[in-house]
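*Asks:* Model the structure of this input:
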Amino acid sequence: MLNFIYYPVSFILWCWHWVFGKVFGESSGFAWALAVIFLVFTLRAILFKPFVGQVRSMRKMQEFAPEMQKIKKKFPNDKQRQAQEMQKLQSEHGVNPLGGCLPMLVQIPVFIGLFHVLRSFKPGWGEVYFFDKQGVDSFVNAKLFGTNLSTFITMPGDQLAQYGTERLNVILLSVPLMIVASIATHFTARHSVARQNQAALDNPQTAIMNKLTLWIFPLGVLAGGFFFPVAILLYWLSNNAWTLGQQHFVYKRIDSEEEEKKATVVETRQALAPKPGAKPVNPKKPAPGAKPANGAKRMPTAGPSGAPKASTDATNGNANTEIPGLTPGRSTSKKPGSKKRR
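*Replies:* Here you go, the predicted structure:
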């Protein structure tokens with residue numbers, strides 16, 4: 001039923017085993033261990049872009065988290081209205097909550113597929129998905145520090161005898177992998193929680209999820225190590241190591257982009273702002289004391305008595321007095337002692 005998962009997973013594993021088998025030998029435990037590790041790296045590289053989208057989506061959701069709290073307070077008893085308003089808010093900010101869960105959702109079937117494929121590698125079995133009988137026998141006979149990659153601590157003694165592996169060897173290899181994988185899971189979650197803002201930390205649901213990822217999941221890895229094959233522990237350890245390094249790289253990159261945007265905004269505001277002590281200049285009005293441009297005439301202005309002053313022609317320098325109602329060019333001044341005509 002899940003062959004659409006098993007075949008791609010087994011094909012990627014086969015490709016990497018073929019590569020490392022040329023270096024260490026087909027039945028080498030190091031070749032198979034590296035094949036499992038690079039299977040993880042291949043899948044995580046494919047999911048790198050969705051992971052970046054997940055981080056950006058989470059960052060946007062943190063920015064308008066206070067608005068979501070306001071919606072909850074505004075409609076405390078109407079869950080349907082809360083969901084509608086939150087969907088509207090997410091749509092306005094261009095955030096898709098399902099997009100942030102995509103990388104995690106994709107890893108679940110991959111983990112199930114790898115677990116099933118490795119558990120299918122048993123002594124005496126024939127073909128297993130993309131592996132022929134020779135490939136299956138190669139995995140069964142391969143040992144890493146005296147331990148077969150398909151064995152686990154709680155495996156029955158008769159099955160361990162079929163692999164030719166002693167339980168002590170399985171414990172000596174599995175326990176360190178369990179501890180390191182559990183610590184890596186904790187620090188991966190811790191690095192992610194450290195990026196959350198105060199509004200997200202104050203959210204009760206977020207606080208519960210943080211406790212699960214910080215403590216319950218690492219303990220789950222530690223407890224599950226008793227039942228997981230060595231190859232699955234390698235998968236879990238390499239997956240968390242990749243996640244921790246990827247988070248550091250992506251967060252640093254996004255922080256750098258945001259700092260550049262803020263610096264650009266500040267520089268733009270500084271460039272548009274007037275200099276200290278300078279008054280804003282209106283380009284439509286000439287500055288005080290400036291001469292009119294060539295060909296322009298100075299408009300008449302009113303004197304102390306309300307009569308217009310003489311305007312000077314900028315082109316010839318002639319002074320003319322113009323009063324409404326009189327013929328242009330006629331002088332209106334009176335000589336001293338002149339009499340008024342009747």
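
*Asks:* contacts and neighbour counts: CA atoms only from here.
*Replies:* Fine.

*Asks:* List the contacts of residue 42.
*Replies:* Going by Cα atoms under 8 Å, 6 or more residues apart in numbering, residue 42 touches no other residue.

*Asks:* Pull the distance from stretch 64-71 to the chain's centre.
*Replies:* 20 Å (Cα atoms, centre = their mean, to the nearest Å).

*Asks:* Please apply the same query to stretch 82-98.
*Replies:* 18 Å.

*Asks:* Give me the contact list for it.
*Replies:* By Cα under 8 Å, 6+ apart, stretch 82-98 touches 57, 60, 61, 68, 71, 72, 75, 76.

*Asks:* ok, of these, which come out buried?
*Replies:* Neighbour-count burial (16 or more other Cα atoms under 10 Å) applied to these gives 57, 61, 68, 71, 72.

*Asks:* Format those residues as JSON lines; extra columns: pLDDT and secondary structure.
*Replies:* JSON lines is the format used below for the buried ones among the contacts of stretch 82-98 (pLDDT from 0 to 100; DSSP: H, G, I helix; E, B strand; the rest coil):
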{"residue": "57", "pLDDT": "75", "secondary structure": "helix"}
{"residue": "61", "pLDDT": "73", "secondary structure": "helix"}
{"residue": "68", "pLDDT": "77", "secondary structure": "helix"}
{"residue": "71", "pLDDT": "84", "secondary structure": "helix"}
{"residue": "72", "pLDDT": "79", "secondary structure": "helix"}
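
*Asks:* from the contacts of stretch 82-98, which is closest to residue 106?
*Replies:* Taking Cα to Cα as the measure, residue 106 sits nearest to residue 57 out of the contacts of stretch 82-98, at 17.3 Å.

*Asks:* Now for residue 23: which residues touch it?
*Replies:* Each residue near residue 23 by Cα under 8 Å, 6+ apart is listed here: residue 31.

*Asks:* where does it land on pLDDT?
*Replies:* The model reports residue 23 with a pLDDT of 94.

*Asks:* buried set for the helix or strand hosting residue 45?
*Replies:* Per DSSP states H and E, residue 45 falls inside helix 29-46. Buried residues in helix 29-46, counting neighbours by 16+ other Cα under 10 Å, are found at 29-41, 43-44.

*Asks:* cool, stretch 164-184 as well?
*Replies:* Neighbour-count burial for stretch 164-184, with 16+ other Cα under 10 Å as criterion, is recorded at 165-167, 170-171, 173-175, 177-184.

*Asks:* neighbouring contacts of that stretch?
*Replies:* 145-148, 151-153, 157, 160, 218-219, 221-222, 225-226, 230, 233-234, 236-237, 240-241, 244.

*Asks:* Distance from the chain centre to it, please.
*Replies:* 35 Å.

*Asks:* Mind exporting the C-alpha coordinates of it to PDB?
*Replies:* Only the C-alpha atoms of stretch 164-184 are listed here, as PDB (Å, rounded to 0.1, in the frame of the first residue of the first chain):
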ATOM      1  CA  GLY A 164      25.900 -13.300  14.400                       C
ATOM      2  CA  THR A 165      25.800 -10.300  16.700                       C
ATOM      3  CA  GLU A 166      26.100 -10.300  20.500                       C
ATOM      4  CA  ARG A 167      23.700  -8.100  22.600                       C
ATOM      5  CA  LEU A 168      26.700  -6.500  24.300                       C
ATOM      6  CA  ASN A 169      28.000  -5.200  21.000                       C
ATOM      7  CA  VAL A 170      24.600  -3.800  20.200                       C
ATOM      8  CA  ILE A 171      24.400  -2.000  23.600                       C
ATOM      9  CA  LEU A 172      27.900  -0.600  23.200                       C
ATOM     10  CA  LEU A 173      27.000   0.900  19.900                       C
ATOM     11  CA  SER A 174      23.300   1.800  20.400                       C
ATOM     12  CA  VAL A 175      23.500   3.600  23.800                       C
ATOM     13  CA  PRO A 176      26.000   6.300  22.700                       C
ATOM     14  CA  LEU A 177      24.000   6.900  19.600                       C
ATOM     15  CA  MET A 178      20.800   7.100  21.700                       C
ATOM     16  CA  ILE A 179      22.400   9.600  24.000                       C
ATOM     17  CA  VAL A 180      23.900  11.800  21.300                       C
ATOM     18  CA  ALA A 181      20.700  11.700  19.300                       C
ATOM     19  CA  SER A 182      18.600  12.700  22.300                       C
ATOM     20  CA  ILE A 183      21.000  15.600  23.100                       C
ATOM     21  CA  ALA A 184      20.900  16.700  19.500                       C
END
